[in-house]
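Participant: no sequence on hand, only this structure:
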Ligand code: PEP
Ligand code: MN
């Protein structure tokens with residue numbers, strides 16, 4: 001399905017597209033203060049969670065419907081567009097009925113196709129079009145993310161945006177939700193026309209790492225950022241550790257290095273050709289190595305030897321890690337690659353050792 005979309009109707013032409021605001025809408029004063037501080041800073045959309053999906057019961061679960069007029073007032077006063085999370089059909093109904101510019105599907109909801117479909121049905125029946133941002137599911141499942149995006153497209157959503165917020169990992173030490181960049185990169189490869197934002201707040205879980213991850217996202221070609229900003233993060237009722245003050249946010253956006261967009265310069269192309277050549281060499285060498293390994297397999301079969309000799313295996317690993325290191329390759333990297341090659345070698349040799357053993361021919 002074609003997921004092509006234009007980010008412009010929601011975010012304008014500012015690069016990077018900036019969506020910012022508190023994790024949770026907490027009070028009229030908190031929201032208006034944040035919105036005023038973000039006005040004129042390149043931000044086009046004010047985010048604010050009205051219903052909060054909390055892991056445990058008994059915490060602050062959002063002000064709910066009560067905060068809708070505050071969001072409308074913030075838009076009226078600042079000219080920022082407004083967006084909030086729809087976790088179910090009734091949230092979505094309230095947001096579209098009140099003319100929100102965008103809704104987003106949170107990570108826990110994207111993981112639930114029933115809920116996504118119910119929200120899609122509301123959006124599809126809405127009188128006016130609404131932009132929809134779909135966060136990745138909590139689990140690293142690209143197909144589930146794409147499925148949710150497709151449900152929104154089938155519901156007639158034209159302004160469709162994917163938001164990468166990292167993936168749950170048990171016991172993750174550095175990030176709250178490790179980014180696993182290869183997943184959004186694969187999404188971009190498959191749907192180059194689908195706008196892609198990064199949410200560095202939920203990836204890092206920590207204000208001091210937000211700008212580094214934001215920079216990484218831009219370096220990888222993301223179109224913009226959705227960042228949590230709170231006038232007084234320490235007192236925030238949710239996600240206190242990861243929210244930036246408006247000043248920190250402006251410092252970050254002011255210091256981001258912006259890659260040239262669509263900048264396929266000649267020198268870049270030349271270097272890419274070199275990489276293509278290196279890869280072709282690598283693959284040819286690998287294929288040759290596999291042939292030798294198969295020859296060894298045939299000899300082992302003749303002599304009735306096993307496929308794996310642990311001493312030889314250990315010796316290969318050790319010596320290659322050392323050789324790689326002297327070429328500037330970290331030993332862990334060499335070991336990982338050698339292990340993969342070894343697995344494929346052994347698979348081929350085992351195939352040879354077993355061939356003709358099943359009474360065939
Ligand atoms: C949020 O944006 O406040 C939120 C709850 O995010 P996520 O769905 O990514 O956890
Ligand atoms: Mn949050």
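Facilitator: On my side now, so go ahead. Every value quoted in this text rests on a predicted model; they were computed, and no experiment measured them. Residues are numbered from 1 along each chain as shown. Ligands and ions are numbered 1, 2, ... in the order given.
Participant: pLDDT weak spots in the stretch 201-350 of the chain?
Facilitator: 263-266 (pLDDT under 70).
Participant: in it, which residue sits nearest ligand 1?
Facilitator: residue 202 (4.4 Å; Cβ to the nearest ligand atom). Where C-beta positions appear, they are placed from N, C-alpha and C, glycine not excepted.
Participant: scan the chain for its longest helix.
Facilitator: Longest helix of the chain, by residue count under DSSP state H: helix 266-302.
Participant: residue contacts, the residue of the stretch 201-350 of the chain closest to ligand 1?
Facilitator: 107, 165-166, 176-177, 228, 239, 242 (Cβ atoms under 8 Å, 6 or more residues apart in numbering).
Participant: kindly recompute the last result at 6 Å.
Facilitator: 165, 177 (Cβ atoms under 6 Å, 6 or more residues apart in numbering).
Participant: doesn't it belong to a helix?
Facilitator: Yes - Residue 202: assigned to a helix according to DSSP: H, G, I helix; E, B strand; the rest coil.
Participant: next one: it from residue 54, what distance?
Facilitator: Applying Cβ to Cβ, to the nearest Å, the value for residue 202 to residue 54 is 14 Å.
Participant: domains for the protein, by residue range?
Facilitator: Domain assignment for the chain by automatic domain parsing gives 8-255, 266-353.
Participant: name the nearest residue to the closest residue to ligand 1 within the stretch 51-200 of the chain, sequence neighbours excluded.
Facilitator: Among all residues of the stretch 51-200 of the chain, residue 106 sits closest to ligand 1, at 3.0 Å; criterion: Cβ to the nearest ligand atom. Closest residue in space to residue 106, ignoring its immediate chain neighbours: residue 85 at 4.9 Å, by Cβ to Cβ, 6 or more residues apart in numbering.
Participant: for the one you found, name its beta-bridge partners.
Facilitator: residue 104 (DSSP bridges).
Participant: buried ones in the longest helix of the chain, by neighbour count?
Facilitator: 293, 296-297, 300-301 (16 or more other Cβ atoms under 10 Å).
Participant: what's the answer for stretch 306-313, then?
Facilitator: residue 307.
Participant: repeat for stretch 87-95
Facilitator: 87, 89, 91-95.
Participant: which of these sits closest to residue 285?
Facilitator: Distance to residue 285 across the buried residues of stretch 87-95 (Cβ to Cβ) is lowest for residue 87, with 51.9 Å.
Participant: thought that closest one was touching residue 108?
Facilitator: No - at 7.6 Å, residue 87 does not count as touching residue 108 under the criterion of Cβ atoms under 6 Å.
Participant: from residue 132, how far out is residue 43?
Facilitator: 19 Å.
Participant: hmm, I typed the wrong one, I wanted residue 83.
Facilitator: Distance, residue 83 to residue 132, using Cβ to Cβ: 10 Å.
Participant: also residue 213?
Facilitator: Relative to residue 132, and taking Cβ to Cβ, residue 213 is found at 24 Å.
Participant: which neighbouring elements make contact with the longest helix of the chain?
Facilitator: Applying 3 or more Cβ pairs under 6 Å, 6 or more residues apart in numbering; DSSP states H and E, we find helix 266-302 packed against helix 331-354.
Participant: buried residues, the helix it packs on. List them.
Facilitator: Buried residues in helix 331-354, defined by neighbour count with 16+ other Cβ under 10 Å: 334, 338, 341-342, 345, 348-349, 352-353.
Participant: now stretch 159-176
Facilitator: Neighbour count says stretch 159-176 has 159-167, 175-176 buried, by 16+ other Cβ under 10 Å.
Participant: brilliant, that's me finished.
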